[in-house]
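>>> everything below, folded, please.
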Amino acid sequence: MFTLFKNGTLIDGNGGDPIKDAAVLIEDNYIKTVGKATDVAVPKSEVNVIDAEGGFILPGFFDMHVHLLVEPCSPAQALRNPFSLKFYQSVHHMKSLLDAGVTSVRDAGYTDAGVREAVNKGLVQGPRMEVSVTALTSTGGHGDSWMPSGLDVTMPFMMSYPTLPDGICNGISEVRQKVREVIRDGADIVKVHATGGVMSPTDTPQFTEFTLEELKAIVEEADLRGRKVMAHAQGNLGIKYCTRAGVHSIEHGIYLDDETIELMLKCGTYLVPTLLAAVSAARDVEHMPKYSIEKAKEVVEIHHESIAKAYQAGVKIAMGTDSGVMPHGENLQELGLMCDIGMSPMESIVASTKTAAECMEWDDKLGTVEAGKLADIVILSKDPLADIHVVEDTNNVITVMKDGKVLKDIRKVTGVFENRESVIVQ
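The predicted structure follows:
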């Protein structure tokens, strides 16, 4: 089956000049031909035509840091929710991501492999995903919900169960065992909390929570099993330790100095800024505990300055949001924040497509609109290069295709797509 996108401007994810009056021909779930409409040969068979109506054709967006089973919720409400409710809520979360044009994600914790498999088997609609299952956490660190009162108020999304082990581990032998456990339970990537954070009750973002030797053991153990490591790392020393240990991507990166940035450049370490996370936490008085709001307000400006320095130095930046801290579906607000720190609209798009695909090592099949790649395609009604903020309104995301299947088209009426037709090309 062939599908033809036509009558749009192509922003292919590579960062080059847009192609006006472009056409993209898809055969089944793969992109077959891309170029000017006059240069794309349409087969003499039934072709499903999707008219972009002068809109903008882009690759499906990536979010490198989401929590699919988490949503903004007060601790009191979270403790009242039945345990299994979060799995059903995740179906809505994943639909919100697709509606926003996000077709690939990396889950940074608390989503077990069953959610990934439900999407892969077609039981529910959702983005392509890698899951980390459980984030490794030191005692008293970010991810340990032990409170100063002596009570452990683990949120429902953090509760351990047979396929989602408890993440707390200390010392070389324990961290090695925990890596083995999460991979046994289906982790595609290993997540570690290397520093404190905004959301944790008993630490600060600057705390360093694993030693360099522990981090090296985590990376080595993951590598033995063909996995990369992503690290929640906000304090400068923790980021430096992670980079020296060979961690693949730094998540957040709130405090960065020049030495650490140079080290990241030397090692080829990716940076996933999640600028939206602190911004959202600082203003969410309805759901966030007071200590989180205060810490978020303290770091917003510092965070922006650090990411700006890393960008100017040439560190590889891939888009991520910490979606779940804020509502799923608001993800593409991150692009505007990346532009605020100095990136151009085109650079923010590349960070959210091509560079993100490279970080996930999926760039052989995703991240750009090119012949031979999987057909994950988004149509925007407005020009994101003229105003990057148009991507924030899901009403401007008029069509979303994942794996050659249209999962969203706002022109859909009672099962029939307006301006979309099956034709026999003579």
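>>> how much space between the closest residue to Y270 other than its chain neighbours and V369?
Excluding its sequence neighbours, the residue lying closest to Y270 (Cβ to Cβ, 6 or more residues apart in numbering) is S249, at 4.0 Å. Any C-beta I mention is one placed from the backbone N, CA and C, and that applies to glycine too. Using Cβ to Cβ, to the nearest Å, S249 is found at 24 Å from V369.
>>> swap in M401?
Going from M401 to V369 by Cβ to Cβ gives 11 Å.
>>> show me the shaky parts of the stretch 101-250 of the chain.
151-157 (pLDDT under 70).
>>> in it, which spans are strands?
Taking DSSP state E, counting those that start in this stretch as the criterion, the stretch 101-250 of the chain carries its strands at 102-107, 128-131, 135-136, 190-193, 229-233, 249-252.
>>> tabulate those strands (a markdown table), appending distance to H328 and mean neighbour count.
Shown next, in a markdown table, are the strands of the stretch 101-250 of the chain (distance: least, Cβ to Cβ, whole Å; neighbours: other Cβ atoms under 10 Å):
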| stretch | distance to H328 | mean neighbour count |
| --- | --- | --- |
| strand 102-107 | 9 | 28 |
| strand 128-131 | 13 | 23 |
| strand 135-136 | 19 | 28 |
| strand 190-193 | 18 | 30 |
| strand 229-233 | 19 | 31 |
| strand 249-252 | 17 | 28 |
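>>> compare these and report which one is nearest to V406.
Across the strands of the stretch 101-250 of the chain, the minimum distance to V406, taken as Cβ to Cβ, is reached by strand 102-107, at 11.8 Å.
>>> could you report the pLDDT at the residue nearest in space to the middle of the chain?
The chain has D63 as the residue nearest its centroid, 2.0 Å off, counting by Cα atoms, centre = their mean. pLDDT for D63: 98.
>>> ok, and what's touching the helix or strand where it lies?
Assigned by DSSP states H and E, D63 belongs to strand 61-66. By Cβ atoms under 8 Å, 6 or more residues apart in numbering, the residues outside strand 61-66 that reach it are 97, 100-108, 127, 230, 249, 251, 272, 274, 318-324, 328, 331-332, 334, 352-353, 356-357, 359-360, 366-367, 378.
>>> now do it and strand 229-233, the angle between them.
For strand 61-66 against strand 229-233, the angle by axes from the mean of the first three to the mean of the last three Cα atoms, to 10 degrees is 70 degrees.
>>> and whichever helix or strand comes after strand 61-66, which residues are buried?
Next helix or strand after strand 61-66 toward the C-terminus (DSSP H and E): helix 75-80. By 16 or more other Cβ atoms under 10 Å, the buried positions in helix 75-80 come out as A78.
>>> which helix or strand lies directly C-terminal to helix 75-80?
Using DSSP H and E, the helix or strand that follows helix 75-80 towards the C-terminus is helix 85-99.
>>> and that next one, what does it pack against?
helix 113-120, strand 397-402, strand 405-409 (3 or more Cβ pairs under 8 Å, 6 or more residues apart in numbering; DSSP states H and E).
>>> and the ones you listed: which comes nearest M264?
Counting by Cβ to Cβ, and looking across all of those, nearest comes helix 113-120 at 28.9 Å.
>>> got the angle for the closest one vs strand 397-402?
Going by the same axes, to 10 degrees, helix 113-120 makes 100 degrees with strand 397-402.
>>> so in terms of bridging, what pairs with the residue nearest to Y270?
M230, Y270 (DSSP bridges).
>>> now do it against D51, distance only.
38 Å.
>>> before we move on, the earlier item: in the sheet, who's paired with the residue nearest to the centre of the chain?
Beta-bridge partners of D63, as defined by DSSP bridges: V105.
>>> give me the common contacts of M401 and V369.
Contact with both M401 and V369 is made by residues I377, according to Cβ under 8 Å, 6+ apart.
>>> for the host helix or strand of K266, C-alpha coordinates in PDB please.
Take DSSP H and E as the rule and K266 turns out to sit in helix 258-267. Output of helix 258-267 as PDB, limited to C-alpha atoms (Å, rounded to 0.1, in the frame of the first residue of the first chain):
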ATOM      1  CA  ASP A 258      33.500  24.800  32.000                       C
ATOM      2  CA  GLU A 259      35.700  21.800  33.000                       C
ATOM      3  CA  THR A 260      32.700  19.500  33.000                       C
ATOM      4  CA  ILE A 261      31.400  20.800  29.700                       C
ATOM      5  CA  GLU A 262      34.900  20.200  28.200                       C
ATOM      6  CA  LEU A 263      34.800  16.600  29.600                       C
ATOM      7  CA  MET A 264      31.400  16.000  28.100                       C
ATOM      8  CA  LEU A 265      32.700  17.200  24.700                       C
ATOM      9  CA  LYS A 266      35.700  15.000  24.900                       C
ATOM     10  CA  CYS A 267      33.600  11.900  25.900                       C
END
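>>> give me the residues contacting it.
236, 239-240, 243-244, 246, 250, 269, 271, 309-310, 313-315.
>>> okay, the angle between the strand holding D63 and helix 85-99?
Using the same axes, to 10 degrees: strand 61-66 against helix 85-99 is 150 degrees.
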